[in-house]
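# Below are the sequence and a predicted model for it; my questions follow.
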Amino acid sequence: MRRLKLTGLVFIAALALGAMAAAPSFAALTAVEFSPGATGTAVTTASTGSVTLKNKTNTETVTCTADSSSGKLKNAHEIEKIVVHFTGCSAEKSGVTCGEARTLHGAVAKEIVTNELVGKLGLIASTEGASEVGIRLEPVGSTIFAELEIEKNTTNHLGTCVASTMAEGKITGEVPMASLNKSNGKGELIFAENAGLQKVKKFEGVATTLTAFGSTANALVTTESVSFPGEPLEDVKTTP
């Protein structure tokens, strides 16, 4: 059994994904877990920059200036009670800002709040993430991540805008190599795109697809800085 230290795990959440990939290839790992004794540890994240949900052709996008989230470690493989807050959210149609985005019936302008999510730690294909370690996010008790309401700008009244949309399904991000073998309570979770689609398309060999803009051909692009306040998660066990 090979032992790795990990502190940079968790999530962010919102939307995206598409297209099936080739059969996954797990070059070195067959299992991964959080260190024993860390159950109940608080976990928080914050984006290192803007967050963008986009369709494959980049003609419909929702971009938020920042996000933050919180949750806690449930067991050796899961983080529970995750809720993500996106702020400064706007919609663009073919490169033109045309409106503001918020949670459906939300009280705060330009803020999107997800439903409760759960994050599961596991393996991804080496072709989709060099570390082979990822976290899958999915809603609890339903398939809906968030319902987005687009309020069109009055200055763009003659043009079209992104339609209000529902984000449903599952999404997987990579825990990068640089976040392994650490014990400082810090790390990253990366959601990247490849050819306009989500880079990580499968988790433990099963497709993870998130629908938005009426299609599965989307990508969520963000890098999340992750912190484990208090006692850090120092060990992730992996079996070659």
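The structure has been received and is ready for your questions.
# Any chance of the backbone angles for residue 160?
Per-residue torsions, residue 160: phi -90, psi 160 (degrees, to the nearest 10).
# tell me the contacts of it?
Contacts for residue 160 (C-beta atoms under 8 Å, 6 or more residues apart in numbering) come out as 93, 98. Glycine gets a C-beta too; all of them are placed from N, C-alpha and C.
# Quick one, grab the pLDDT at it.
Note for residue 160: predicted pLDDT of 84.
# do the same with residue 226
Looking at residue 226, the pLDDT reads 84.
# so which strand or helix has it?
strand 218-227 (DSSP states H and E).
# buried set for that strand?
Buried residues in strand 218-227, counting neighbours by 16 or more other C-beta atoms under 10 Å, are found at 218, 219, 220, 221, 222, 223, 224, 225, 226, 227.
# Hmm, residue 58 and the second one touching each other?
No - counting by C-beta atoms under 8 Å, residue 58 is not a contact partner of residue 219; they are 9.2 Å apart.
# Now do the shared contacts for those two.
residue 196.
# re the thing from before, so what strands line up beside the strand holding residue 226?
In the sheet, strand 218-227 lines up against strand 42-47 (antiparallel), strand 51-55 (antiparallel), strand 186-191 (antiparallel) (DSSP bridges).
# And it, how far out from the chain middle?
5 Å (C-alpha atoms, centre = their mean, to the nearest Å).
# cool, stretch 176-193 as well?
From the chain centre to the centre of stretch 176-193 is a distance of 14 Å (C-alpha atoms, centre = their mean).
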